[in-house]
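Trainee: I'd like to go over a predicted model; first the sequence, then the structure.
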Amino acid sequence: MSKSAEYQREWRRNNPEKVKERNARSWAKNKEKRAAANKAWRAANPEKLAVYRARAAARRPPDQQHGYWVKHYETPHGRAVSLVTSAKARSKAAGIDFSITVEWVEAKIAAGVCEVTGMPLELARHKEYTRHPFAPSLDRENPKLGYTKDNVRIVACIYNLAKGEFSPEHVEVLARAVLGISKGAS
């Protein structure tokens with residue numbers, strides 16, 4: 001190894017912060033070029049990429065490995081953390097009130113039933129769909145208001161998707177139409 005290369009290696013070892021700053025500037029300057037090169041390398045080397053990812057996964061502590069998070073997500077606490085975190089981000093982006101807590105949502109999920117339909121909630125992942133139709137979901141009774149304890153209820157995901165920005169009465173009309181039941185027949 002030449003003296004110049006030796007000096008550069010020693011300098012990098014003794015100045016990690018300067019190296020980090022220089023790399024960050026270089027990355028920012030050539031972001032698209034580097035991203036394209038990385039994407040091309042990943043496409044050309046899927047076997048190496050799989051090995052690198054497996055090594056990285058093996059180095060993670062057990063509580064940060066994928067299986068742990070899947071199981072954690074299937075608990076009332078894990079699901080409550082997920083729902084509250086997502087709702088908090090949405091409320092911040094929309095500039096609406098947010099005052100629900102993980103503990104409050106967890107207690108409602110632990111009750112195990114949709115607050116509107118009374119159907120049991122399902123915490124397990126669905127084998128076929130991204131979301132389980134009967135997974136717990138945060139429903140804002142009035143979509144124009146924020147995530148507050150008096151405006152939020154825990155419902156089945158399928159109900160919340162059907163309701164969207166509409167009223168519960170609209171969902172009832174839809175359900176009756178699907179079942180072929182007229183309004184006066186109840």
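Mentor: Good, I have the coordinates. Since the structure is predicted, the reported quantities are computational estimates derived from the model, not experimental observations.
Trainee: name the element residue 153 belongs to?
Mentor: Assigned by DSSP states H and E, residue 153 belongs to strand 152-156.
Trainee: ditto for residue 89
Mentor: Using DSSP H and E, residue 89 falls in helix 76-94.
Trainee: Which residues does that helix contact?
Mentor: Residues from elsewhere that reach helix 76-94 (Cβ atoms under 8 Å, 6 or more residues apart in numbering): 69, 71-73, 97-98, 100-103, 105-106, 109-110, 123, 135-138, 146-147. Glycine gets a C-beta too; all of them are placed from N, C-alpha and C.
Trainee: which is the next helix or strand following that helix?
Mentor: helix 102-111.
Trainee: Tell me the buried residues in that following helix?
Mentor: Judged by neighbour count (16 or more other Cβ atoms under 10 Å), helix 102-111 contains these buried residues: 105-106, 108-109.
Trainee: quick one: average confidence on that helix?
Mentor: Per-residue pLDDT over helix 102-111 has a mean of 96.
Trainee: who touches it?
Mentor: By Cβ under 8 Å, 6+ apart, helix 102-111 touches 76-77, 79-81, 83-84, 115, 121, 123, 136, 138, 149, 153-154.
Trainee: go on, stretch 29-43?
Mentor: Outside stretch 29-43, the residues that reach it (Cβ under 8 Å, 6+ apart) are 27, 49.
Trainee: still on that earlier bit, which strands and helices lie in contact with the next helix or strand after the strand holding residue 153?
Mentor: Beyond strand 152-156 on the C-terminal side, the first helix or strand identified by DSSP H and E is helix 157-163. In terms of contacts (3 or more Cβ pairs under 8 Å, 6 or more residues apart in numbering; DSSP states H and E), helix 157-163 is packed against strand 136-140, helix 168-179.
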